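*Asks:* Next come a sequence and a model predicted from it.
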Amino acid sequence: MILGPAVGPVEADDVADHYPWPERGPAEDRRPWVRAMMVSTLDGAAAGADGLSLSVSGTADRAVFTAVRRFADVVLVGGGTLAAEEYGPMRANPDDAARRAAQGQAPASRLAVVSGSLRLPLGEDGFLASDLPPLVYTTEQSPADARAALADRCELVVLPGERVDVAAVLADLAARGLWRVVCEGGPTLLRQVTAAGLLDEADLTFSPVLAGTSTTPTTEVLSDPARFALRHVLTEDGFLMGRYVREDLA
């Protein structure tokens, strides 16, 4: 069942309609809409004993995860999470072609990776095999040999400074017309987006398990946390899937 404005079962075919993207004006007026996908156990863990989020996820949660990705312009992820979660390629879904085309979108979501070290998996069947060349954001301080290994397999964006500026990343994505952004973590990237005041929506799943938090990375406390308004809750198999929108945008 669904608690909140939307009603009905959690079905894969219509979950995307419960996670709409906002309307936007002409391309030059589009600021990014950044939504984070997160899962948490009852005791606050973001991962299970294997250090992966999949081990504390479930069928309904994964249906939401897939649905939110379906009509995104770009999936934003940190290099550490991409490697640990073994991201595969981003592929176009023929069932979504007409709707994406009508919205002026490319056939598939584009993958954007943030990595200062560029220690990324380079397998032939991994993220580099996506239908659209992934964007990889790094800095001038990244290893030159790692940049050379990636240069002809993705679109490499080298930013100034010692640390990738997430605000610069999102500005670059928006300039490319990629304003529907799903941020999938990890915790450090998500904290940077939040600290910069750039997170618009948090799609948070509560998993009905107690897992312990030793595998969950810690981040610094934000001095001025933003408040979010609950828009709906989906529930199935004990999982609670909440959609939260920043209060000044709700």
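*Replies:* Now that the structure is in, tell me what you want to look at. Numbering: from 1, shown residues only.

*Asks:* And the helices in the chain, which stretches?
*Replies:* Secondary structure of the chain (DSSP state H): helices at 59-70, 79-84, 97-102, 144-150, 166-175, 187-195.

*Asks:* So for residue 232, which of the ones you listed sits nearest?
*Replies:* Distance to residue 232, taken as Cβ to Cβ, is lowest for helix 59-70 among these, at 11.1 Å. The way it works is simple: take the backbone N, C-alpha and C, and place the C-beta from them, glycine included.

*Asks:* Show me which positions of that closest one end up buried.
*Replies:* The neighbour-count criterion (16 or more other Cβ atoms under 10 Å) identifies 60-61, 63-65, 67-70 as the buried residues of helix 59-70.

*Asks:* Out of those residues, flag the one nearest to residue 176.
*Replies:* Closest to residue 176 out of those is residue 69 (18.0 Å), distances taken as Cβ to Cβ.

*Asks:* Looking at per-residue confidence, what score does the closest one get?
*Replies:* With respect to pLDDT, residue 69 has a value of 92.

*Asks:* For it, give me its contacts.
*Replies:* 75, 109, 182 (Cβ atoms under 8 Å, 6 or more residues apart in numbering).

*Asks:* before we move on, back to that, can the buried residues of helix 59-70 go into TSV with extra columns for distance to residue 154?
*Replies:* Shown next, in TSV, are these (distance: Cβ to Cβ, whole Å):
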residue	distance to residue 154
60	33
61	29
63	29
64	28
65	23
67	26
68	23
69	19
70	22
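
*Asks:* Name the nearest residue to residue 47, sequence neighbours excluded.
*Replies:* Nearest-residue entry for residue 47: residue 215, 4.9 Å, with adjacent residues in sequence omitted and distances by Cβ to Cβ, 6 or more residues apart in numbering.

*Asks:* show me what contacts the one you found?
*Replies:* Taking Cβ under 8 Å, 6+ apart, one finds 45, 47-51 in contact with residue 215.

*Asks:* how close does it sit to residue 168?
*Replies:* Using Cβ to Cβ, to the nearest Å, residue 215 is found at 31 Å from residue 168.

*Asks:* same question, residue 149
*Replies:* Residue 149 is 23 Å from residue 168, by Cβ to Cβ.

*Asks:* Also residue 202?
*Replies:* Residue 202 sits 22 Å away from residue 168, going by Cβ to Cβ.
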